[in-house]
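Enquirer: Need the 3D shape of this:
(4 chains)
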There are 4 protein chains.
Amino acid sequence: MHVTLKHAQQAIDAARKKAEELDLKMCIAVVDSGGNLKAFERMDDAWVGSIDIAFKKAKTACFFGMATGELGKLSQPGEPLYGIEVSNDGLVTFPGGVPIVDDEGYLVGAVGASGSTVDNDHKVAEAAVKVLGVTELPEHPWRT
Amino acid sequence: MHVTLKHAQQAIDAARKKAEELDLKMCIAVVDSGGNLKAFERMDDAWVGSIDIAFKKAKTACFFGMATGELGKLSQPGEPLYGIEVSNDGLVTFPGGVPIVDDEGYLVGAVGASGSTVDNDHKVAEAAVKVLGVTELPEHPWRT
Amino acid sequence: MHVTLKHAQQAIDAARKKAEELDLKMCIAVVDSGGNLKAFERMDDAWVGSIDIAFKKAKTACFFGMATGELGKLSQPGEPLYGIEVSNDGLVTFPGGVPIVDDEGYLVGAVGASGSTVDNDHKVAEAAVKVLGVTELPEHPWRT
Amino acid sequence: MHVTLKHAQQAIDAARKKAEELDLKMCIAVVDSGGNLKAFERMDDAWVGSIDIAFKKAKTACFFGMATGELGKLSQPGEPLYGIEVSNDGLVTFPGGVPIVDDEGYLVGAVGASGSTVDNDHKVAEAAVKVLGVTELPEHPWRT
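Expert: Have a look, this model is predicted:
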């Protein structure tokens, strides 16, 4: 199961609205359950370097079915997944990537946001996912 | 000078509308004048393999200030630019990428469409650029 | 808006002069506002390994509109952007990359220098940018 | 033996002068005898896509000690080196890359030019090499 374009557009609209509310310039990426790009927007004046980061946050959140900040805790020096960010052609392991789960508990994609502090990035990504009404995530394993 | 998000959204909306009119499933990418992604959409049921092709068509049209099909004529076996597609981390040299030029003659970005025949891809990309009202292209060199 | 070749040449000349003054052997790269290479020089006897670092410093400073050393503080283990260097086909997050801002406050490119200590690299990059007379940087967001 | 920065600068100046004379917008790259970038310039309004092509032409001319157009004849469909362009992280096998040979017959580097027709590109690269006074090339093997 994959996020539809309609849902991806709603997610990006919600992310952009939240970014404008917080006076931020964001890149927002939505990937499907295969980690492949579904929709993307770069707001005017957003960092060019955030394009890849927004996409990789979404990909990372999708690939492991968890918010990127969670993976970041596990990949610090001395922690179990230290160095994981060089796998998969590059992961991003700081906050701003959030999985999208449908109302049957399927992981259908993920959203990644980049352009400000990691706390703001996470808020924007969360706003994008929340508009789809699927904030309650079941236990792993995600069904895809 | 770079294409704005508002213009990129208008271009993608026009491309999607044209694709629906022709009953096609498309990936549509817009890049700025540096070849960096500005906006992207993958319609439901579009080929996953078209994501990269749509982006690379837009990048190619931007990088050389011409429709990708024009470059394709020059890169056939025996023609002057044979093999050019392996440069720049991969170019796409068949139709479906069209440059965006503003009303002062500046190259501000490009659109790439992929998902059907190359003729249909070109029609969709052209529809995206035309909605911005910048179909009259000046002679090379493009100002960027 | 992109840095012109004339300005890029002035920046490189100033960087080379500063390097000679400090008795250093440097690679110096200038990129435009899309992060694409505008001009480059490798002084005789400079490290071959500095070619890519100089370019990636310039790209990094451009992509995030800040000196690379600033990004480096944020990407240490335990800090918010830990691991960011694997994004964007490789960033360089230690000093030696400085953005170029024009007198209207537009980010028009960046300079990267590599070949000595990071302090010396930063001095050389700074000398390159200062000759353009655009050392007063406005608050984010940079306009590009 | 490697081309010096002084010679690389002279080569680029000569290339730019020839380009201006022919009213062209060029990217010009000089590599040393290891194929590593020594100096580079992108003239204003030159194609962004020519950055990589100019560099790869110089690299190709250096790696095989011959003008890129010569290699292009050998890599057409049915010819002995068909497909060689995908090796070495990408070669460019059409005209515009010319080796630099010093007066003792050493291959010390190469020049690549991109931005116009392949004939014009070759003229510009040739003008860059000729200013160094080393147009008489000895038989292979080049000494490096």
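Enquirer: quick one: buried residues of the biggest helix by length in chain A?
Expert: If you go by DSSP state H, chain A has its longest helix at helix A:5-21. Buried residues in helix A:5-21, counted by 16 or more other C-beta atoms under 10 Å in any protein chain shown: A:L5, A:H7, A:A8, A:Q10, A:A11, A:I12, A:A14, A:A15, A:R16, A:K18, A:A19. Any C-beta I mention is one placed from the backbone N, CA and C, and that applies to glycine too.
Enquirer: A:I100 looks like it's in a helix, true?
Expert: No. Counting by DSSP: H, G, I helix; E, B strand; the rest coil, A:I100 falls outside a helix, being strand.
Enquirer: so what's it up against?
Expert: A:V3, A:H7, A:A11, A:V30, A:L107, A:V108, A:G109, A:A110, A:V111, A:V129, A:L132, A:V134 (C-beta atoms under 8 Å, 6 or more residues apart in numbering or on different chains).
Enquirer: show me which of those residues neighbour chain B.
Expert: Among these, no residue lies close to chain B (C-beta under 8 Å from any C-beta of the partner chain).
Enquirer: Now render these as CSV, adding secondary structure and distance to chain D.
Expert: Putting the contacts of A:I100 into CSV (DSSP: H, G, I helix; E, B strand; the rest coil; distance: C-beta to the nearest C-beta, whole Å) gives the following:
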residue, secondary structure, distance to chain D
A:V3, coil, 33
A:H7, helix, 35
A:A11, helix, 32
A:V30, strand, 28
A:L107, strand, 36
A:V108, strand, 37
A:G109, strand, 32
A:A110, strand, 31
A:V111, strand, 30
A:V129, helix, 36
A:L132, coil, 37
A:V134, coil, 41
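Enquirer: Give me the phi and psi angles of the residue of chain A found nearest chain B.
Expert: Taking C-beta to the nearest C-beta, chain B has its nearest neighbour within chain A at A:F40, 4.0 Å off. With angles defined as degrees, to the nearest 10, A:F40 sits at phi -150, psi 150.
Enquirer: burial of the nearest residue to it once chain neighbours are set aside, as a residue count?
Expert: The shortest distance from A:F40 to any non-neighbouring residue, by C-beta to C-beta, 6 or more residues apart in numbering or on different chains, is to B:F40 (4.0 Å). Close neighbours of B:F40, defined as other C-beta atoms under 10 Å in any protein chain shown, add up to 27.
Enquirer: now A:E104
Expert: Neighbours around A:E104, by other C-beta under 10 Å: 10.
Enquirer: Repeat that for A:D52.
Expert: 23.
Enquirer: give me the element it is part of.
Expert: helix A:50-64 (DSSP states H and E).
Enquirer: how about the residues of chain A near chain C?
Expert: Within chain A, the positions near chain C by C-beta under 8 Å from any C-beta are A:25, A:45-50, A:52-53, A:56, A:72, A:75-77, A:85-86, A:90-95, A:117-118.
Enquirer: List, out of these, those positioned next to chain B.
Expert: Here is what survives when those are matched to chain B using C-beta under 8 Å from any C-beta: A:V48.
Enquirer: Going by proximity to chain C, name the top residue of chain A.
Expert: Here chain A gets closest to chain C at one residue, A:G49, 2.8 Å apart by C-beta to the nearest C-beta.
Enquirer: Check whether that residue really touches C:F64, as I assumed.
Expert: Yes. The criterion here is C-beta atoms under 8 Å, and A:G49 meets it with C:F64 at 4.9 Å.
Enquirer: Which one's more surrounded, the two?
Expert: More neighbours surround C:F64 than the other of A:G49 and C:F64, with 29 against 26 (other C-beta under 10 Å).
Enquirer: Relative to A:K57, how far out is the more buried one?
Expert: 15 Å (C-beta to C-beta, to the nearest Å).
Enquirer: Correct me if wrong: the residue of chain A closest to chain B contacts A:V31.
Expert: No. Using C-beta under 8 Å, A:F40 is not in contact with A:V31, being 9.4 Å away.
Enquirer: can you list residues touching both of the two?
Expert: The contact sets of A:F40 and A:V31 overlap at A:F55 (C-beta under 8 Å, 6+ apart).
Enquirer: returning to that earlier point: could you give the angle of the helix holding A:D52 to helix A:5-21?
Expert: Helix A:50-64 and helix A:5-21 are oriented at 130 degrees to each other (axes from the mean of the first three to the mean of the last three C-alpha atoms, to 10 degrees).
Enquirer: Downstream of helix A:50-64, the next helix or strand is which one?
Expert: helix A:68-74.
Enquirer: average pLDDT for that next one?
Expert: Mean per-residue pLDDT for helix A:68-74: 96.
Enquirer: which residues are contacting that helix?
Expert: Contacts to helix A:68-74, defined as C-beta under 8 Å, 6+ apart, come from residues A:57, A:60-61, A:64, A:79-81, A:84, A:91-98, A:112, A:118, A:122, C:82-83.
Enquirer: and that helix, how far from the chain's centre?
Expert: Remark: helix A:68-74 is offset 13 Å from the chain centroid, using C-alpha atoms, centre = their mean, to the nearest Å.
Enquirer: again, but for stretch A:82-95
Expert: Stretch A:82-95 sits 14 Å away from the centroid of its parent chain (C-alpha atoms, centre = their mean).
Enquirer: do stretch A:77-85 as well
Expert: 20 Å.
Enquirer: Between the two ends of that stretch, how far is it?
Expert: Counting by C-alpha to C-alpha, to the nearest Å, you get 12 Å between the two ends of stretch A:77-85.
Enquirer: Give me the residues contacting that stretch.
Expert: The contact list for stretch A:77-85 (C-beta under 8 Å, 6+ apart) reads A:L71, A:K73, A:L74, A:S75, A:Q76, A:L91, A:V92, A:T93, C:P77, C:G83, C:V86.
Enquirer: what separates the nearest residue to the fourth one once chain neighbours are set aside from A:T93, distance-wise?
Expert: Nearest-residue entry for A:S75: A:L81, 4.4 Å, with adjacent residues in sequence omitted and distances by C-beta to C-beta, 6+ apart. Distance of A:L81 to A:T93, given as C-beta to C-beta: 8 Å.
Enquirer: quick one, which of those two is more surrounded?
Expert: For A:L81 versus A:T93, the count of surrounding residues by other C-beta under 10 Å is larger for A:T93: 26 against 16.
Enquirer: Find the nearest non-adjacent residue to the more buried one, please.
Expert: Spatial nearest neighbour of A:T93, excluding adjacent residues (C-beta to C-beta, 6+ apart): A:G72 at 4.1 Å.
Enquirer: rewinding a little: need the contacts of A:I100 in a markdown table (columns: distance to D:G35).
Expert: Converted to a markdown table, the contacts of A:I100 look like this (distance: C-beta to C-beta, whole Å):
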| residue | distance to D:G35 |
| --- | --- |
| A:V3 | 45 |
| A:H7 | 48 |
| A:A11 | 46 |
| A:V30 | 41 |
| A:L107 | 46 |
| A:V108 | 47 |
| A:G109 | 43 |
| A:A110 | 41 |
| A:V111 | 42 |
| A:V129 | 47 |
| A:L132 | 51 |
| A:V134 | 52 |
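Enquirer: Can I get the buried part of those as one ChimeraX selection?
Expert: Here is the ChimeraX command that selects the buried residues among the contacts of A:I100 (16+ other C-beta under 10 Å):
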select /A:3,7,11,30,107,108,109,110,111,129,132,134
